[in-house]
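[1] The sequence and its predicted three-dimensional model are supplied below.
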Amino acid sequence: MRITNKIIQNNSLTNINTNKVLQDKLSNMIATEKKINRPSDDPIIALRSLRLRTSVNQTDQYRTKNAEDAESWLRVTEDAIGTLSDIITDIRKQYVKGSSDPLAVSDRRIIHENLESLAREIYNTGNADFAGRTVFTGYRTDTSLTFQKDSTGLVAYSVSDPNVYENGVFDYPLDTSDVSKRRHMYIISRDDNFSELEAHLADLKYVDENGNATPVTTSETFANRVDAMDYVYAHPDEITYYNDGTDSYVIFGSNVRQSDGSHSSFAYGNPDAVFNIRETKDTVTVDTRSFVHQDKEDETKVTNNDILRVRLSYDKVNATSYPDSTASPDADATFKFAFKTKGGQVFSSYSTAGNATLIQVNTISSTIVTDTTATPPTYCAEDYLLDHPDEVVFIPETGEFLLGKDIGGAGANLAPEDIDELMVDYQKSDWSKGDLRPQHYFTCVDISDPKDPVKYNFESTPDQEICYNIGVNQSLRINTTASECFNHSIVREIEDVLRAIADVEDIEDEISKLEADYAKILDTDQDAKDAKQKEIDAAKKAQTFLNERLHSLFSKGISFADAHLAANSLALTNCGTRSKRLELIENRLDTQLDTLKELKSENEDADMAETAIRLSSAKYAYDASLMATSKAIQQTLLNYL
């Protein structure tokens, strides 16, 4: 084969260019510190690099984002539970002081003030949040644990309730001989409750049979009753109000009634939060409560009695509420109360289904006191049950059901341990700042807007555990739910103690008053002195009973506080366990991340020293090839001719 100068030149230029390409590649490797700049440079390295980068990014997400976020959440939770434990410890100290004998009046008042202060603060700790997410509310991280303001809700009254209003249904006018011209109207007169209603006339609402509240306007006000009734007679679709300086009345026109013709209801207020709540034995407190009874016939005879009590999770519940926690409540229905004994007996306030025994539940306000001289006589809840031992009394202000001793049969005297199952449906619309929101604890319905009710916890779902992915196929629970540590009974127990302290102070005031009256009686009036002394002795006996009850509550409070502290310790231990596990996982992730980064570097990062040597060699080769090629190109055929 004949090799021409042209072939030599072309081959030399090709080799020079190849050397230049290698030099350019090595220069790029030094500049980028990478072995390849595009997948086509080395597909194997490129594929391995993609996999390693994905692993590094994934592990980095687990370590620097998920794990750190979980660590911060757990730290906030641990701090909040620790604060709660500190508060309960302070409460326990107050109980210990209260259980000490003797307890001075000043000491008791200090304990009262401290317990009130601690009760207001205890649930605020549960509103702790991390990055705007409430940590104790399960999946509802956008909702605070407690109510942030007072809400009186919709305060409802029924004109057919004889215990609330003096007057009810009237036919008007009465002086007409044509009965067909008379119109039915409801007249509501002032009593102890009406003064509050009078202040809310602008918010007056008509409540229909479906529980829907429609605003109404008192289009006219009058100074006398006759003019007001004449106006309503002429305007049966309206409601009016009058005040003559002595009496106050709200008068409903004949058409302001339910579609079935039954009694109308009215209400006032702006319902920010109205809940139908269902509780079971797991959430209520079933125990016995002692009370002091003064004999109706002989007021100097005072006895101490025990009564079976079911205490709801809330106080200040509505006296009338709706059954089943349904979205379409029956406006005429009351709360539902039912329980089953371990002996298999079923008692119900609303149904005889399933061989249930129907029991009478009476609502008696805590403000009612026993007064046998009144017409008709009035009885507090406890005294009422002594005369009606086969009935149940509901006290809405304190959220308590008291069971007569004959429930279950004459002399049955059911004990707390005899109750096997229990269910209570009730409604609450009066909320105070700091009250625990029911949707975090109970099956309930928010009917603040009756047309758009919101159901909570009706479906059978697992605990609302928030889990973070902190590794491949590895997750960690980070949240603690409110029910694990923020229990309703913490404050409810304090409320029992505060009421007991108030009862002791009341009886002390009564004794002071009786002793002052005794001092005013002349020494010559021995009969009056003896009678007054018997009253003083009876009051002191009641004082002894009340002090014993208070001492018992303080002693029980210590045990309750210990139980709450144990629950908090368990929740804190669970958080600590998760934190320790997270720490171990973080260490493993750190090691794994370092290994992956090292493999990634070995795969795609250039060895700078070796690359520099190769670049220098390529440069020398390039320079040498230029010199050799330039000499070869200078030789032509003419040089040999």
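    Great, that's in hand.

[2] Who are the contact partners of the spatially most central residue of the chain?
    Central residue check for the chain by C-alpha atoms, centre = their mean: the C-alpha nearest the mean position is that of residue 437, 2.5 Å away. Residues touching residue 437, when contacts are defined by C-beta atoms under 8 Å, 6 or more residues apart in numbering, comprise 143-147. Every residue, glycine included, has its C-beta placed from N, CA and C.

[3] can you map out the strands along the stretch 201-350 of the chain?
    205-207, 213-215, 218-222, 239-243, 248-252, 265-268, 275-280, 285-294, 302-311, 336-341, 346-348 (DSSP state E, counting those that start in this stretch).

[4] Quick one: the strands in the stretch 401-550 of the chain, in order.
    For the stretch 401-550 of the chain, applying DSSP E, counting those that start in this stretch gives strands covering 419-428, 443-446, 454-456, 467-471, 474-477.

[5] pLDDT weak spots in the stretch 401-550 of the chain?
    Low-confidence regions of the stretch 401-550 of the chain, defined by pLDDT under 70, span residues 450, 460-462.

[6] could you say what helices and strands the longest helix anywhere in the chain packs with?
    For the chain, the longest helix by residue count, based on DSSP state H, is helix 526-604. Packing partners of helix 526-604 (3 or more C-beta pairs under 8 Å, 6 or more residues apart in numbering; DSSP states H and E): helix 43-60, helix 68-98, strand 285-294, strand 302-311, strand 467-471, strand 474-477, helix 488-520.

[7] With distance to residue 380 and mean neighbour count added, can I get these in a markdown table?
    Conversion of the helices and strands packed on helix 526-604 to a markdown table gives the following (distance: least, C-beta to C-beta, whole Å; neighbours: other C-beta atoms under 10 Å):
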| stretch | distance to residue 380 | mean neighbour count |
| --- | --- | --- |
| helix 43-60 | 68 | 14 |
| helix 68-98 | 25 | 19 |
| strand 285-294 | 9 | 17 |
| strand 302-311 | 12 | 19 |
| strand 467-471 | 52 | 18 |
| strand 474-477 | 49 | 15 |
| helix 488-520 | 12 | 17 |
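
[8] can you list these in JSON lines and add distance to residue 614?
    Formatted as JSON lines, the helices and strands packed on helix 526-604 follow (distance: least, C-beta to C-beta, whole Å):
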{"stretch": "helix 43-60", "distance to residue 614": "17"}
{"stretch": "helix 68-98", "distance to residue 614": "42"}
{"stretch": "strand 285-294", "distance to residue 614": "83"}
{"stretch": "strand 302-311", "distance to residue 614": "85"}
{"stretch": "strand 467-471", "distance to residue 614": "41"}
{"stretch": "strand 474-477", "distance to residue 614": "44"}
{"stretch": "helix 488-520", "distance to residue 614": "75"}
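
[9] picking up where we left off before, nearest to residue 384, of the contacts of residue 437?
    Distances from residue 384 to the contacts of residue 437, taken as C-beta to C-beta, are shortest for residue 147 (32.7 Å).

[10] Nearest approach to residue 367 belongs to which of the helices and strands packed on helix 526-604?
    Nearest to residue 367 among those is helix 488-520; the distance by C-beta to C-beta comes to 13.0 Å.

[11] Just the CA coordinates for stretch 571-584, please, in PDB.
    Taking Å, rounded to 0.1, in the frame of the first residue of the first chain, the C-alpha atoms of stretch 571-584 are listed here in PDB:
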ATOM      1  CA  ALA A 571     -47.800   9.500  78.200                       C
ATOM      2  CA  LEU A 572     -44.500  11.200  78.900                       C
ATOM      3  CA  THR A 573     -42.800   7.800  78.900                       C
ATOM      4  CA  ASN A 574     -44.300   7.000  75.500                       C
ATOM      5  CA  CYS A 575     -43.000  10.300  74.200                       C
ATOM      6  CA  GLY A 576     -39.600   9.500  75.700                       C
ATOM      7  CA  THR A 577     -39.600   6.100  74.100                       C
ATOM      8  CA  ARG A 578     -40.500   7.500  70.700                       C
ATOM      9  CA  SER A 579     -37.800  10.200  71.200                       C
ATOM     10  CA  LYS A 580     -35.200   7.500  72.000                       C
ATOM     11  CA  ARG A 581     -36.200   5.400  69.100                       C
ATOM     12  CA  LEU A 582     -36.000   8.500  66.900                       C
ATOM     13  CA  GLU A 583     -32.500   9.200  68.200                       C
ATOM     14  CA  LEU A 584     -31.400   5.700  67.200                       C
END
